[in-house]
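Trainee: sequence and computational prediction follow.
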Amino acid sequence: MREYGYTVRYRKQGSNKWKVYLVTNTYDGALWSVRWYERDPPKDRVAGKRIENVIWDIFPIKTLFEYKWRWRGCPF
């Protein structure tokens with residue numbers, strides 16, 4: 001199975017819905033981001049509040065369609 005990249009997602013305690021926070025090409029980059037976010041929680045992009053009491057996890061991008069859809073708005 002080919003993996004096209006990775007998404008870093010989070011969910012609040014007690015919730016089942018995962019929200020995508022970051023898309024990256026390497027597993028090492030995703031792992032570094034998760035460690036950083038657990039130590040220093042980032043701000044929510046919409047509300048501007050710190051994202052606290054969440055579970056961070058890494059999910060692979062498995063299809064070419066999902067890969068292109070995730071990177072559709074990337075400026076570079």
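Mentor: Arrived safely.
Trainee: what sits up against the helix or strand bottoming out on mean pLDDT in the chain?
Mentor: Comparing helices and strands within the chain by mean pLDDT, DSSP states H and E singles out helix 64-70 as the least confident, with a mean of 83. Helix 64-70 is touched from outside by 4-5, 7, 20, 23, 61, with contacts defined as C-beta atoms under 8 Å, 6 or more residues apart in numbering. Where you see a C-beta, it was placed from the backbone N, CA and C, and this is true even at glycine.
Trainee: can you name the residues in contact with stretch 55-63?
Mentor: Stretch 55-63 is contacted from outside by 1-11, 13, 18, 23, 27, 30-31, 34, 37-38, 67, 70, using C-beta under 8 Å, 6+ apart.
Trainee: from those residues, which land in helices?
Mentor: Residues of the contacts of stretch 55-63 located in helices (DSSP state H): 27, 30-31, 34, 37-38, 67, 70.
Trainee: reformat these as CSV; add distance to Glu52 and neighbour count.
Mentor: Converted to CSV, the ones in helices among the contacts of stretch 55-63 look like this (distance: C-beta to C-beta, whole Å; neighbours: other C-beta atoms under 10 Å):
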residue, distance to Glu52, neighbour count
Tyr27, 25, 13
Ala30, 20, 23
Leu31, 21, 14
Val34, 15, 19
Tyr37, 10, 17
Glu38, 11, 12
Tyr67, 30, 17
Arg70, 25, 15
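Trainee: next, give me the two most distant ones among the residues you listed.
Mentor: Between any two of the ones in helices among the contacts of stretch 55-63, the greatest separation by C-beta to C-beta is 26.0 Å, found for Glu38 and Tyr67.
Trainee: done for today, thanks.
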